[in-house]
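# coordinates only, sequence not included:
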């Protein structure tokens, strides 16, 4: 299997917990629904940190270069954002995570356009847009569930 297929398969596979936990938050018995909401907060925070880490790895792979400082600086923000979301009530935490994914997509789009000598892989932003859209929607749907009220 080629790299593009692997990226697509793994990326889309990473959406399964988002979708499954959103469904459980709405359809499971009360205690299981609350557990699904908590799991969604945790998974969302981990994925937001992963999105930031993409920039860290990308910058380090290119070797030393002062032009990479913005990407390195940004790379730590999503993990702190995700961590903050785990410290507050579930509903606002889920909405904070959804906003974090949207902001991270916007930053990725800007850094992708700027390039900074660190080319992204072809198709990156197309895949990133799809994954971000579905994950963000799943977080919002979970936040709307009665079990997310805390």
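That came through, no problem. None of these values were measured; they are calculated from a predicted model. Residues are numbered from 1 along each chain as shown.
# contact partners of the helix or strand bottoming out on mean pLDDT in the chain?
Across the helices and strands of the chain, mean pLDDT, DSSP states H and E gives its lowest value to helix 69-75, namely a mean of 84. Outside of helix 69-75, the residues within contact range by Cβ atoms under 8 Å, 6 or more residues apart in numbering are 52-56, 58-59, 107, 111, 116, 118. In short, each C-beta sits where N, CA and C put it, glycine included.
# stretch 87-95 now?
With contact meaning Cβ under 8 Å, 6+ apart, stretch 87-95 is reached by 37-38, 40-41, 44, 85-86, 96, 139-140, 142-143, 147-150.
# picking up where we left off before, buried ones only from the contacts of helix 69-75, please, as a ChimeraX command.
Restricted to buried positions by 16 or more other Cβ atoms under 10 Å, the ChimeraX selection for those reads:
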select :52,54,55,56,58,59,107,111,116,118
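# let's have the contacts of helix 69-75 in CSV, adding pLDDT, secondary structure and distance to residue 16.
Formatted as CSV, the contacts of helix 69-75 follow (pLDDT from 0 to 100; DSSP: H, G, I helix; E, B strand; the rest coil; distance: Cβ to Cβ, whole Å):
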residue, pLDDT, secondary structure, distance to residue 16
52, 93, helix, 22
53, 92, helix, 20
54, 86, helix, 20
55, 82, helix, 25
56, 83, helix, 25
58, 77, helix, 25
59, 76, helix, 29
107, 91, helix, 25
111, 79, helix, 27
116, 53, coil, 33
118, 57, coil, 30
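# from the contacts of helix 69-75, which two are the most distant?
53 and 116 (17.1 Å; Cβ to Cβ).
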